[in-house]
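Colleague: 3D model of this:
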Amino acid sequence: MDPIITYLLLYIHYLHSQISELLFFLAKHVPLKQWAFDDSNSPKYQKFKIDRFPKIVYFEKQDYLFLIEYFAYKYGKRLKPVQRRNGKSIPGNIVCPRCGATHEYLYDNNGGNGQYQCKVCSLTFNENHHADTPMTFKCPYCGRNLECIKSKSDYFIHKCRNLKCSYYLRNRKKLPADSSHEDLCKYKLHYIFRQPKKDLLKMDRSLFPRWFTGFQYRKNNAYIMGLCLTYHVNLGLSLRKTSQALLDIHNIHVSHTMVANYAKTAAVVIKPFVDTFDYSPSKAFTADETYIKIRGVKAYVWFIMDAVSRSILGYQVSSTRSLKPCIDTMLMAFSKFKEFPKDLLFVADGYPVYPLASSMFKQYTDFDFDVTQVIGLTNDDAVSERFRPLKQIVERANRTFKASYRVKCGFDNPEGATYGVALWVAYYNFLRPHKLYKWKQPLNIVEELSHAKNMPEKWQLLLFLGQKTIADMQLSKVS
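Modeller: Numbers count the residues shown, from 1 in each chain. Model (predicted):
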């Protein structure tokens with residue numbers, strides 16, 4: 001045999017042995033299954049996860065006589081009353097709350113302590129607390145009834161307290177065996193379900209405020225209003241500085257109160273156009289929330305952006321960091337779709353309310369999507385490392401918003417905060433030159449705005465488009 005071929009065969013055998021040793025080392029010390037799409041295997045991440053929906057058992061009233069005849073027809077054997085061999089009897093006033101079976105068909109389920117079981121429909125109930133609730137939530141892992149442990153503003157929290165539940169045992173194994181009770185309380189080990197108190201997915205979100213009437217220019221005109229919005233929104237001046245700039249530069253006397261009224265009225269008019277514009281969104285969304293002050297009290301602003309076009313598609317102002325404003329923001333963003341995509345990428349931070357809202361959408365609507373959570377400020381897991389650039393997009397928009405918000409030193413009331421954010425979103429989406437286009441054009445091109453010569457004229461055209469949208473909405477409701 002040629003010595004070169006012999007040498008190559010020996011070298012191949014040597015490489016094969018080295019590869020085998022490396023594979024053995026990886027299989028022994030490095031987990032082959034990557035937790036890239038499960039955040040981490042660490043129990044510290046359990047509190048950021050939302051469990052799947054429980055088994056829901058609805059209470060349905062039945063007739064025991066019909067069930068007895070049905071069993072006889074199906075199985076060819078008639079159901080007989082309970083034969084009691086211990087000499088005890090069940091009071092005659094006890095009947096099954098589900099099927100109405102009399103005491104002859106009831107078992108004494110716990111030795112005379114007040115719990116019974118129906119032989120006809122297999123329902124277990126107590127003497128004083130009949131099982132006639134509209135629905136019962138059961139743990140999807142062990143089948144045990146969930147216990148309502150806490151009531152929040154928007155939902156009830158139900159918990160499975162079964163210490164033999166497979167969900168609890170699996171999470172318990174992730175902790176050291178000698179963990180104390182205080183250490184166990186730091187982690188989420190039991191199955192938890194959050195039941196919403198009201199249907200947050202079917203609320204009317206297109207209502208106008210009662211004080212809204214329209215424009216009434218007694219002393220000024222639409223162009224001066226455009227000047228006020230340009231200084232106040234585009235340049236980020238406060239109300240008093242806007243009033244002073246109009247006086248010093250244009251010799252126009254407009255009080256800071258009038259500037260505030262102009263901004264609030266313009267926000268109400270422009271908001272329907274911004275919310276109903278055809279953005280043609282992509283299949284990648286990113287969401288985040290930030291803090292503001294309303295009368296010195298902490299409040300929150302929610303943003304959902306298109307990660308491709310960088311347009312803000314959903315926004316809300318809320319006094320709490322709860323489920324309802326998150327769902328409102330999602331619904332506003334999802335309304336931009338003509339058909340909801342099946343492979344939507346939704347990137348958010350580690351706040352658990354996002355996957356909770358996602359699970360509600362899956363349960364009650366056709367919006368089926370998962371939330372990819374980027375947790376923390378450093379890339380400690382594969383998900384954060386891969387999707388953090390998308391999360392930074394909305395973080396950068398938050399910093400841009402805070403730059404214009406900081407001069408306002410907070411808002412006076414929640415309504416003013418809502419329309420102040422709406423006015424800024426209109427500026428961000430349609431008027432502000434963006435880095436994505438080398439600061440030469442805004443994110444969304446509107447043909448009517450492209451013919452305007454300056455920024456006050458663009459604000460006037462935005463007001464015109466908003467009025468047109470309101471008229472179309474009112475006409476569609478009448479028809």
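Colleague: Could you give me the buried positions within stretch 158-169?
Modeller: The neighbour-count check on stretch 158-169 (16 or more other Cβ atoms under 10 Å) flags 158, 160, 162, 165, 167-168 as buried. For glycine as for every other residue, the C-beta is placed from the backbone atoms N, C-alpha and C.
Colleague: Inside helices: which ones of those?
Modeller: Among the buried residues of stretch 158-169, DSSP state H puts 167-168 in helices.
Colleague: which of the buried residues of stretch 158-169 lies closest to H103?
Modeller: N162 (31.1 Å; Cβ to Cβ).
Colleague: Mind pulling up the pLDDT for that closest one?
Modeller: According to the prediction, N162 has pLDDT 90.
Colleague: State whether it and C139 are indeed in contact, as I suppose.
Modeller: Yes. If you go by Cβ atoms under 8 Å, N162 and C139 touch, sitting 6.7 Å apart.
Colleague: if we can go back for a sec, now, the most widely separated pair of the buried residues of stretch 158-169?
Modeller: Across the buried residues of stretch 158-169, the longest distance by Cβ to Cβ is 14.6 Å; it joins H158 and Y168.
Colleague: With respect to N234, which of the buried residues of stretch 158-169 is nearest?
Modeller: H158 (49.2 Å).
Colleague: how close does that closest one get to F53?
Modeller: 11 Å (Cβ to Cβ, to the nearest Å).
Colleague: Overlap in contacts, the two.
Modeller: By Cβ atoms under 8 Å, 6 or more residues apart in numbering, H158 and F53 have these common neighbours: F193.
Colleague: For F401, give me the backbone phi and psi.
Modeller: Dihedral pair for F401: phi -60, psi -40, per degrees, to the nearest 10.
Colleague: Please read the previous query as pertaining to A284.
Modeller: According to degrees, to the nearest 10, A284 has phi -130, psi 120.
Colleague: same thing with A72?
Modeller: phi -70, psi -40.
Colleague: so what does the longest helix seen in the chain touch, helix or strand wise?
Modeller: Identified as the longest helix of the chain according to DSSP H is helix 3-29. Helix 3-29 makes packing contacts with no helix or strand when contacts are defined by 3 or more Cβ pairs under 8 Å, 6 or more residues apart in numbering; DSSP states H and E.
Colleague: So for it, what gets flagged as buried?
Modeller: Buried, per 16+ other Cβ under 10 Å, within helix 3-29: nothing.
Colleague: got the residue ranges for the helices in the stretch 101-250 of the chain?
Modeller: Using DSSP state H, counting those that start in this stretch, the helices assigned to the stretch 101-250 of the chain run over residues 166-173, 181-184, 222-229, 239-250.
Colleague: Quick one: the ones you listed as a markdown table, columns for distance to S17 and mean pLDDT too.
Modeller: Converted to a markdown table, those look like this (distance: least, Cβ to Cβ, whole Å; pLDDT from 0 to 100):
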| stretch | distance to S17 | mean pLDDT |
| --- | --- | --- |
| helix 166-173 | 36 | 87 |
| helix 181-184 | 45 | 75 |
| helix 222-229 | 75 | 87 |
| helix 239-250 | 76 | 91 |
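Colleague: Out of these, which is closest to Y427?
Modeller: When the helices of the stretch 101-250 of the chain are compared (using Cβ to Cβ), the closest one is helix 222-229, at 8.3 Å.
Colleague: got the contact list for that closest one?
Modeller: In contact with helix 222-229 (Cβ under 8 Å, 6+ apart) are residues 215, 217, 242, 246, 250, 252, 254, 258-259, 262-263, 266, 423, 455-460, 463.
Colleague: go again using 7 Å as the cut-off
Modeller: If you take Cβ atoms under 7 Å, 6 or more residues apart in numbering as the criterion, helix 222-229 is touched by 242, 246, 250, 252, 254, 259, 262-263, 266, 456-457, 459-460.
Colleague: so what's E457 closest to, chain neighbours aside?
Modeller: G226 (6.6 Å; Cβ to Cβ, 6 or more residues apart in numbering).
Colleague: List the contacts of the nearest residue to Y58 once chain neighbours are set aside.
Modeller: Distances taken as Cβ to Cβ, 6+ apart place M135 nearest to Y58, at 5.1 Å, with adjacent residues excluded. M135 makes contact with 56-59, according to Cβ under 7 Å, 6+ apart.
Colleague: Give the ranges of residues in the stretch 201-350 of the chain that sit below the confidence cut-off.
Modeller: 201-219 (pLDDT under 70).
Colleague: Please enumerate the strands of it.
Modeller: 284-294, 297-306, 312-318, 345-348 (DSSP state E, counting those that start in this stretch).
Colleague: who wins for proximity to K271 among the ones you listed?
Modeller: Counting by Cβ to Cβ, K271 lies closest to strand 312-318 out of the strands of the stretch 201-350 of the chain; the figure is 10.0 Å.
Colleague: What pairs with the closest one, parallel or antiparallel?
Modeller: Sheet pairing of strand 312-318 (DSSP bridges) gives strand 297-306 (antiparallel).
Colleague: Of all the residues in the helix or strand encompassing Y73, which ones are buried?
Modeller: Using DSSP states H and E, Y73 maps to helix 64-75. Residues 64, 67-68 are the ones in helix 64-75 that count as buried (16+ other Cβ under 10 Å).
Colleague: Can you name every helix or strand that it contacts?
Modeller: Of the remaining helices and strands, none touches helix 64-75 by 3 or more Cβ pairs under 7 Å, 6 or more residues apart in numbering; DSSP states H and E.
Colleague: which outside residues touch it?
Modeller: Contacts for helix 64-75 (Cβ under 7 Å, 6+ apart): 78-79, 96, 99-101, 105, 120-121.
Colleague: if you set the cut-off to 8 Å instead, what comes out?
Modeller: Contacts for helix 64-75 (Cβ under 8 Å, 6+ apart): 77-79, 96, 99-102, 105, 118, 120-121.
Colleague: just checking, which of these belong to strands?
Modeller: Counting by DSSP state E, the part of those found in strands is C118.
Colleague: Out of the contacts of helix 64-75, which end up buried?
Modeller: For the contacts of helix 64-75, buried by 16+ other Cβ under 10 Å: 79, 96, 99-101, 105, 118, 120-121.
Colleague: Could you work out the most separated pair of those residues?
Modeller: Longest span within the buried ones among the contacts of helix 64-75, Cβ to Cβ: L79 and G100, 14.4 Å.
Colleague: Need the strands of the stretch 201-350 of the chain in TSV (columns: distance to G112).
Modeller: Supplementary listing: these in TSV, determined by distance: least, Cβ to Cβ, whole Å:
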stretch	distance to G112
strand 284-294	56
strand 297-306	55
strand 312-318	53
strand 345-348	54
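Colleague: out of those strands, which comes closest to S179?
Modeller: Across the strands of the stretch 201-350 of the chain, closest to S179 is strand 345-348 (Cβ to Cβ), at 30.5 Å.
Colleague: neighbouring strands for that closest one, and are they parallel or not?
Modeller: Applying DSSP bridges, one finds strand 345-348 paired with strand 284-294 (parallel), strand 370-373 (parallel).
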